[in-house]
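Trainee: need the 3D shape of this:
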Amino acid sequence: MQIIIYGGTDLGYMIASRLYTSHDITIIDEKDRLPEKYTNLDITHVSGSGADIATLEKANSGKNNLFIACSLNDEANIVACWTIKKITDIKTVCFVSKVEIYNNLNSALHLRYQSKYDIDTIIWPEQLLTQEIFRIILVPEALDVEYFDEGQAKLFEYRIKEESPLCNKRIMDYGFPPGVLIVGITRKGILSIPMGTSEIILDDKVIFMGRGKALDLLAATLFDKINQIKTAAVIGGGNVGYFLTEQMEQAKIKVKIIELDQNRCNFLADNLKKSLVLQGDGTNLELLEEESIGSMDVVVCVTSNDEKNLLCSLLAKQLGAKRIITRTSNERNADLFERVGVDVVVSPKESAMKELLNVMQAQDVDLLALVAGGQGEVLRINVPETFTDTKVMNLNLPKSAIIGVIKRGKGIIIPNGSTTVCANDQLQIFTITEKTKSIQAVFK
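Mentor: Below you'll find the predicted structure:
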């Protein structure tokens, strides 16, 4: 695929670095030279504005498939997407950072008037991050949570602790609830697809897929957590903190939200119905002690500053908080945060990258989830009508892939080796990233 990216930003670099090995990438940026970190990427650079037709003509080879606007200016991204449509028929993805712009572009009034210049996909990373954090909060101890088919099937990721009944056991030796599969194990930062003889050890991150109810039962028994989250503290009252608190209010979770800026506190107090808004610094140990932050079921640190989020997390951990979820703007900090005790590390850029990869997938392959820091994917593949019924064990899938769920009609099947895959089935396949083409070839 040939892709034009407008914006030599951190997000632009993340996208380019993930895609350049398998796609032809052209970067448009106003600067004459891209930041030094771009020098290791095999990409083309065109200097100029994404809203300038001459610049876009220079970048457009006539064979481009996707235009991604991710500069730091929302309005410039929008104009760039509109302008490229004048030159060529190309799919456009526009990143925005302001809630009012996102809501306007998705409003019913805006969508009423369709034209050939419409932006195809609008991505607001903070909204995606909020949804991801909320899913994780609702499942105690989970590192990652994904829902498929309206909750009929789910994916949970857990870190194995010393007291876990799974610790130092082979998968085949533990009786899991019917309808549950272990599809991945991350050990020392490396994701692998396990076999029945694979042993689970301390600090492994284990990824489960299966029926929604079966995974809920697993969470309630294996991890001995049957009580839902009842109390939460949110440090940082920006967009993510505000919208996350709104969702937790709807889930009947009692929330204390701490924000330093007085004007923002006034906004939060006026718009949040049940939560306690506290004006103060989340790194103030005395404030955290006075408000019993250490007794909360979960503490979420979502300021816009990585260093502050880390300090807030460490203080909350020291005070005894049961679970810490922390935002990082630099995905390279994730490993450090986990090493010093943060339970779950989330990134708006990673959330946005998941959505972008989903947009890029071919029509017959859909990316449902990106897991294990991008090392693993959950793919949805529609089996064609011409496919001959074949047992899972005879499919010749890559060793780095496992079918987690088969959707047949309105029902779902958690398969084993003797399960038959039929024409028109919809498969949810867990795989190591970049194996999409080899998996897709099996069903052609």
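
Trainee: could you use CA atoms for every contact and neighbour count after this?
Mentor: OK.

Trainee: any idea how this protein splits into domains?
Mentor: 2-123, 129-221, 231-350, 353-442 (automatic domain parsing).

Trainee: for these, which has the smallest mean pLDDT value?
Mentor: When the domains of the chain are compared on average pLDDT, domain 353-442 comes out lowest at a mean of 85.

Trainee: circling back to that earlier point, mind putting the domains of the chain in a markdown table, mean neighbour count included?
Mentor: Compiled in a markdown table, those are given as follows (neighbours: other Cα atoms under 10 Å):
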| stretch | mean neighbour count |
| --- | --- |
| domain 2-123 | 17 |
| domain 129-221 | 18 |
| domain 231-350 | 19 |
| domain 353-442 | 17 |
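
Trainee: so who does M296 touch?
Mentor: Listed by Cα atoms under 8 Å, 6 or more residues apart in numbering, the contact set of M296 reads T231, A232, A233, A321, K322.

Trainee: ignoring the adjacent residues along the chain, who's closest to K63?
Mentor: Q2 (6.8 Å; Cα to Cα, 6 or more residues apart in numbering).

Trainee: who are the contact partners of the one you found?
Mentor: Here Q2 is in contact with H23, D24, I25, K63, N64, N65, L66 (Cα under 8 Å, 6+ apart).

Trainee: so A423 touches K391, yeah?
Mentor: No: using Cα atoms under 8 Å, A423 is not in contact with K391; the gap is 12.0 Å.

Trainee: find the helix or strand that A76 is a member of.
Mentor: helix 74-87 (DSSP states H and E).

Trainee: D335 now?
Mentor: Counting by DSSP H and E, D335 is found in helix 334-339.

Trainee: outside of that helix, which residues touch it?
Mentor: Counting by Cα under 8 Å, 6+ apart, L310, T328, V344, V345, V346 sit against helix 334-339.

Trainee: one more time with 7 Å, if that's ok
Mentor: L310, T328, V345 (Cα atoms under 7 Å, 6 or more residues apart in numbering).

Trainee: which single one of these is nearest to F134?
Mentor: V345 (13.1 Å; Cα to Cα).

Trainee: and the most far-flung residue of the chain relative to its centre, what are its phi and psi?
Mentor: Relative to the centre of the chain, and counting by Cα atoms, centre = their mean, the farthest-placed residue is A54 at 35.8 Å. Backbone geometry at A54, expressed as degrees, to the nearest 10, gives phi -60, psi -40.

Trainee: okay, K154 and Y102: tell me how far apart.
Mentor: Shown here: K154 relative to Y102, a distance of 28 Å by Cα to Cα, to the nearest Å.

Trainee: can you tell me how far A352 sits from G374?
Mentor: Taking Cα to Cα, one finds A352 at 12 Å from G374.

Trainee: just I439 next, same as before
Mentor: For I439 relative to G374 (Cα to Cα), the value is 18 Å.

Trainee: what do you get for T55?
Mentor: Distance, T55 to G374, by Cα to Cα: 33 Å.

Trainee: what do you get for G62?
Mentor: 31 Å.

Trainee: quick revisit: gap between the helix holding A76 and the chain center?
Mentor: Between the centre of helix 74-87 and the centre of its chain there are 26 Å (Cα atoms, centre = their mean, to the nearest Å).

Trainee: right, and the helix or strand after that helix?
Mentor: strand 91-95.

Trainee: ok now whichever helix or strand comes after that following strand, how far from the chain's centre?
Mentor: Once strand 91-95 ends, the next helix or strand along the chain (criterion: DSSP H and E) is helix 99-105. Centroid separation between helix 99-105 and its chain, computed with Cα atoms, centre = their mean, is 21 Å.

Trainee: now swap in stretch 372-385 and tell me
Mentor: For stretch 372-385, the distance to the chain centre is 14 Å (Cα atoms, centre = their mean).

Trainee: ditto for stretch 141-149
Mentor: With Cα atoms, centre = their mean, you get 10 Å for stretch 141-149.

Trainee: and the residue farthest from the centre of the chain, how far from S418?
Mentor: Distance, A54 to S418, using Cα to Cα: 59 Å.

Trainee: before we move on, what about L202?
Mentor: With Cα to Cα as the criterion, L202 and S418 are 32 Å apart.

Trainee: cool, N65 as well?
Mentor: Taking Cα to Cα, one finds N65 at 40 Å from S418.

Trainee: return the distance of the residue nearest to the spatial centre of the chain relative to R211.
Mentor: Residue closest to the mean C-alpha point of the chain, counted by Cα atoms, centre = their mean, is S351 at 3.6 Å. According to Cα to Cα, S351 stands 24 Å off from R211.

Trainee: can you give me the strands for the stretch 51-200 of the chain?
Mentor: Using DSSP state E, counting those that start in this stretch, the strands of the stretch 51-200 of the chain run over 66-69, 91-95, 121-123, 144-148, 153-159, 169-170, 180-187, 190-192, 199-200.
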